[in-house]
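Asker: got a predicted structure plus its sequence, pasted below:
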Amino acid sequence: MPKFLVVRWHGMHQLAAFAIMAVMTTALAWFDWRIGLVALLFMIGFSVYGFLAERAFRKDLKTYLGTISYRVKKAGNDVISELPFGIILYNEDKTVEWHNPYIAEILGHDSVVGQTIAELFPSLHQTKDKEREAEPQVIVGNYVFQLIFKPEERILYVKNITEQWHLAKKYEDEKLALGIVMIDSLDEVTQGMDDNQRSALLSKVTTEITEWAQRYQLHIKRLTSDRFMLITNLKTLRQLEQSRFVLLDEVRELTCDHKIPTTLSIGFAAEAESIVELGQWAQSSLDIALGRGGDQAAVKIGGRQSFYGGKSNAVEKRTRVRARVVAHALRDLIKESGNIIIMGHKMPDMDAIGAAIGITKAAQMFGKEAYIVLEGINPSIQKMMEMLREDERFSKRFITPEQAMSMTNNKTLTVVVDTHKASMVKEPRLIGAHGKIVVIDHHRRGEEFIANAILVYMEPYASSTCELVAELLQYIADRIVLDVREATALLAGITVDTKSFSLRTGARTFEAASFLRRNGADSMLVQRMLKEDLEEYVRKAEIIKHASVLYEHIAIAVTEPGRKVGQLLIAQAADTLLNMTDILASFVVGERTDGLIGISARSLGDMNVQVVMEKMGGGGHLTNAAAQLEGTVNEVAEKLKAVLKEIEKEEGLFE
């Protein structure tokens, strides 16, 4: 029985015995006073004995309890001293008031009392607030510690997780990564070569790819004559990203003496939920690399998509087989549809409107009603719209987004032209509405893409979407005849995007223009559409006047703060700057009429302005790109200069 219970039990018995003896003494005294006197003396003696015994008992108990308290206190101190984690007590200012010996041991000091937690763990400043609340990790020497804050008690626990951290890192590094390497446009590159020359070229490229794979310890398996599969881990994939996939440059330089240098497209993926999904991601990354024109690598790690390379223009395909196949597929979709809704990107240009007019003609060939989504007319298409609205047949084809939504049903075919990003279309709700979606675009494919499209025709080698539509019209029906306004609208789109056939033109560009000219396209009418007003020319000159030159060959012009200009004027200023001596790339930053800050980027091919604009949140082509941002012109200009500095440091701005 515990001693504190014994004490209580002992005292109760003494009181009961004293009470009984008092009763008995009184009873005996009533019968005989002499016997009562003896009983009284006995009771007094018993009481004195009980008192002395009780005092001795309590003294022994106090000594015993003192021994237990000492042992408990000592055990507590020993436990705190030997705990395998640290304990810190701090005040309101996060200053250390007390800590156990473990903290002194890991920090290499006898005492850290008086120092702040921020001074003890400097890397804590580098973590974000949310990460601090979620038990942040800090590195001290060769160890990794997890900090567990208890704000109410003002206690900090420091837990050594070095072993778990290394295991987690090892697990992360050894995650499977899958890649596909493809030789771009092998048929076009080797056309005109005999078997020996073709074999020699393939042998050189294959050897270069194999040596690169061995250098980075990649498992490589040849799938077809122009396609290879790569298997590695996430750690090696990150090393490949740091090298910026040097293989792309090595293969291009290896075959630079050929008429058409051989280039590669690489698709890599990692951190997928399953092996099946990993394979799908790798193929999707390769498709994106090809859709962006090839000669680059697309890497998808979890939710992050990155791009490397892309220093050369896409090789124009000499065969029109794909154009014929797409035209026949589009014809079948039009026949199966009830009506057709066509839309381009926000702030449409002549290329978007001209391509939409071409698709409208294709629908009319099969007796289908087609409408173009347009709301508001920006200055860049004003003259074209004036020409089209002279004919009632065209003016009634333009509808607002609300009208388009009311016309959409399960039988509607939605055709998106001159963009492949859902966020950039005129009415994003049409993408998610019932019906089928077709995408026709000439831009290099970005990370964002209209995922539910049933037919995609993207050719980055093309000068414009109007060029692609003009080719489709030649195969979609026999003996197609275009109206003068239809042919002129398509020719205007090609003319604008090629800067009057001076940039990004190929044999198929001129063939498409010839087809349109045969159908009555009026080149003089196109030139009248492109004429500038005197006031606009003066405003453009004002923008160019503020231009400066960076890195000897890059011109950057920034409009005056608070002065709003149209996107068309920003683009025209960038085009004009590109004509200056020694200028290989130009950027114009200006505040648009809608309040956003617009950037137009142009180059002669020596610099990939698409990569620059993608880092700014935009996109485009190797030689023609743009972006729209929020903020002020000066803030955006500084951000642009920082991006250029970063690219120049990592891989150089020019080839």
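Answerer: Looks like it arrived, so ask away.
Asker: which pLDDT value does the model give the residue nearest the centre of the chain?
Answerer: When C-alpha atoms, centre = their mean is applied to the chain, the residue found nearest the centroid is Arg304 (4.6 Å). Arg304 carries a pLDDT value of 83.
Asker: same check, this time on Leu65
Answerer: On the pLDDT scale, Leu65 is placed at 60.
Asker: what about the stretch 401-550 of the chain, any weak spots by pLDDT?
Answerer: Low-confidence segments of the stretch 401-550 of the chain, defined by pLDDT under 70: 433.
Asker: where do the strands sit along it?
Answerer: Taking DSSP state E, counting those that start in this stretch, the strands of the stretch 401-550 of the chain run over residues 412-417, 436-441, 455-458, 548-550.
Asker: just put these in a markdown table and tack on distance to Asp582 and mean neighbour count.
Answerer: For the C-beta atoms, the positions are set from N, CA and C on the backbone; glycine is no exception. A markdown table is the format used below for these (distance: least, C-beta to C-beta, whole Å; neighbours: other C-beta atoms under 10 Å):
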| stretch | distance to Asp582 | mean neighbour count |
| --- | --- | --- |
| strand 412-417 | 37 | 27 |
| strand 436-441 | 33 | 23 |
| strand 455-458 | 34 | 20 |
| strand 548-550 | 8 | 13 |
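Asker: figure out which of these is closest to Ala601.
Answerer: Ala601 lies closest, by C-beta to C-beta, to one member of the strands of the stretch 401-550 of the chain: strand 548-550, at 13.2 Å.
Asker: tell me the first helix or strand C-terminal of that closest one.
Answerer: strand 554-558 (DSSP states H and E).
Asker: elements contacting the helix or strand that that next one is followed by?
Answerer: Toward the C-terminal end, the helix or strand that comes next after strand 554-558 (DSSP H and E) is helix 567-578. Here helix 567-578 is seen to pack against helix 534-545, strand 554-558, strand 585-591, strand 597-603 when contacts are counted using 3 or more C-beta pairs under 8 Å, 6 or more residues apart in numbering; DSSP states H and E.
Asker: redo these as TSV? Include distance to Tyr102 and mean neighbour count.
Answerer: Conversion of these to TSV gives the following (distance: least, C-beta to C-beta, whole Å; neighbours: other C-beta under 10 Å):
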stretch	distance to Tyr102	mean neighbour count
helix 534-545	65	14
strand 554-558	57	23
strand 585-591	56	27
strand 597-603	54	28
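Asker: same list, the ones you listed, but as JSON lines with distance to Lys204 please.
Answerer: Converted to JSON lines, the helices and strands packed on helix 567-578 look like this (distance: least, C-beta to C-beta, whole Å):
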{"stretch": "helix 534-545", "distance to Lys204": "46"}
{"stretch": "strand 554-558", "distance to Lys204": "35"}
{"stretch": "strand 585-591", "distance to Lys204": "32"}
{"stretch": "strand 597-603", "distance to Lys204": "30"}
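Asker: show me the helices in the stretch 351-500 of the chain, by range?
Answerer: Secondary structure of the stretch 351-500 of the chain (DSSP state H, counting those that start in this stretch): helices at 382-388, 392-395, 401-407, 429-432, 465-476, 484-497.
Asker: hang on, Val38 in a helix?
Answerer: Yes - when classified by DSSP: H, G, I helix; E, B strand; the rest coil, Val38 is found to be part of a helix.
Asker: so it versus Gly45, what's the distance?
Answerer: Distance, Val38 to Gly45, using C-beta to C-beta, to the nearest Å: 11 Å.
Asker: what does Arg304 give?
Answerer: 95 Å.
Asker: the closest residue to Glu92 other than its chain neighbours: what's it in contact with?
Answerer: Leaving aside its chain neighbours, Glu92 sits nearest to Arg154 (7.6 Å; criterion: C-beta to C-beta, 6 or more residues apart in numbering). With contact set as C-beta atoms under 8 Å, 6 or more residues apart in numbering, Arg154 has these partners: Leu89, Tyr90, Asn91, Glu92.
Asker: tell me the bridge partners for the closest residue to Glu369 other than its chain neighbours.
Answerer: By the measure of C-beta to C-beta, 6+ apart, the closest residue to Glu369 outside its immediate chain neighbours is Asn339, 4.7 Å from it. With DSSP bridges as the criterion, Asn339 is bridged to Glu369, Thr412.
Asker: burial count for Asn339?
Answerer: The tally of other residues near Asn339 (other C-beta atoms under 10 Å) stands at 18.
Asker: just the pLDDT at it, thanks.
Answerer: According to the predicted model, the pLDDT of Asn339 comes to 92.
Asker: shouldn't it be in contact with Leu413?
Answerer: Yes - contact between Asn339 and Leu413 holds when scored by C-beta atoms under 8 Å: they sit 7.5 Å apart.
Asker: look at Val38 and Gly45 and report which has more neighbours.
Answerer: Neighbours per residue (other C-beta under 10 Å) separate Val38 from Gly45, with Val38 holding more: 14 against 10.
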